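Undergrad: Here is a sequence together with a model predicted from it:
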Amino acid sequence: MRILILEDNIDRRQAMTICLKDRFPQYPVEFFEASAAMIKCLAAGIEDVALISLDHDLELIPEPGGQLVDPGTGVEVSDWLAAQAPSCPVIIQTTNSRAGHQMEDSLRESGWTVQRIVPYSGADWIYEAWSRSVRDLIVNEIPKSSRHPVQHETLL
């Protein structure tokens, strides 16, 4: 099982990594700065994803040579997910009210379990609200056998 996060801000990524390593060290975490890269990853296989966390507004990505590339938005990822069978919980973390509601509504209408968090006060929201939601969603949505794989010993 792994956790996938659309988040471009390095400080928020670091705070999220700290929270996840403390609470769920068994899950690899993959961060994405662009919606297309995350969708490509999801399209390759979503069955082993424990949780998805989506930001909406992403900063332009500087390319070598000075050009800026549009990384897309969280709505693009939520629209892609809404066309798929629900398979894991999703957290939406954005201050963009309109886009946040759009993402939340489309996912809920498609049967996904969704929680929405509006960021506040630097990274405090990650340590307080986001990490609590991650914990609750993983504990309540993922069967125990998937959360902590049990290794069986062969008796000789």
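TA: The structure has been received and is ready for your questions. Every value quoted in this text rests on a predicted model; they were computed, and no experiment measured them.

Undergrad: roughly how far apart are the residue nearest the centre of the chain and Val114?
TA: When Cα atoms, centre = their mean is applied to the chain, the residue found nearest the centroid is Ser53 (1.9 Å). Remark: distance between Ser53 and Val114 (Cβ to Cβ, to the nearest Å) = 11 Å. Heads up, the C-betas are built off the backbone N, CA and C, glycines and all.

Undergrad: residues shared between the contacts of the two?
TA: Common contacts of Ser53 and Val114 (Cβ atoms under 8 Å, 6 or more residues apart in numbering): Val90, Ile91, Ile92.

Undergrad: Could you export the residues you listed to JSON lines, including columns for distance to Ser110 and neighbour count?
TA: Below are the shared contacts of Ser53 and Val114 laid out as JSON lines (distance: Cβ to Cβ, whole Å; neighbours: other Cβ atoms under 10 Å):
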{"residue": "Val90", "distance to Ser110": "10", "neighbour count": "26"}
{"residue": "Ile91", "distance to Ser110": "16", "neighbour count": "21"}
{"residue": "Ile92", "distance to Ser110": "14", "neighbour count": "27"}
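
Undergrad: Restricted to strands, list those.
TA: Applying DSSP state E to the shared contacts of Ser53 and Val114, the entries found in strands are Val90, Ile91, Ile92.

Undergrad: Tell me the secondary structure at Ala37.
TA: Following DSSP: H, G, I helix; E, B strand; the rest coil, the label given to Ala37 is helix.

Undergrad: Check the spacing between it and Glu109 real quick.
TA: From Ala37 to Glu109 the distance is 25 Å (Cβ to Cβ).

Undergrad: who's more crowded, these two?
TA: Counted by other Cβ atoms under 10 Å, Ala37 and Glu109 do not tie: Ala37 has more neighbours, with 16 against 9.

Undergrad: distance of the more buried one from Ser121?
TA: Ala37 sits 29 Å away from Ser121, going by Cβ to Cβ.

Undergrad: Kindly report the same for Val139.
TA: According to Cβ to Cβ, Val139 stands 26 Å off from Ser121.

Undergrad: so who does Arg23 touch?
TA: Ser131, Val134, Arg135.

Undergrad: can you do 7 Å?
TA: Applying Cβ atoms under 7 Å, 6 or more residues apart in numbering, one finds that Arg23 lies in contact with Ser131, Arg135.
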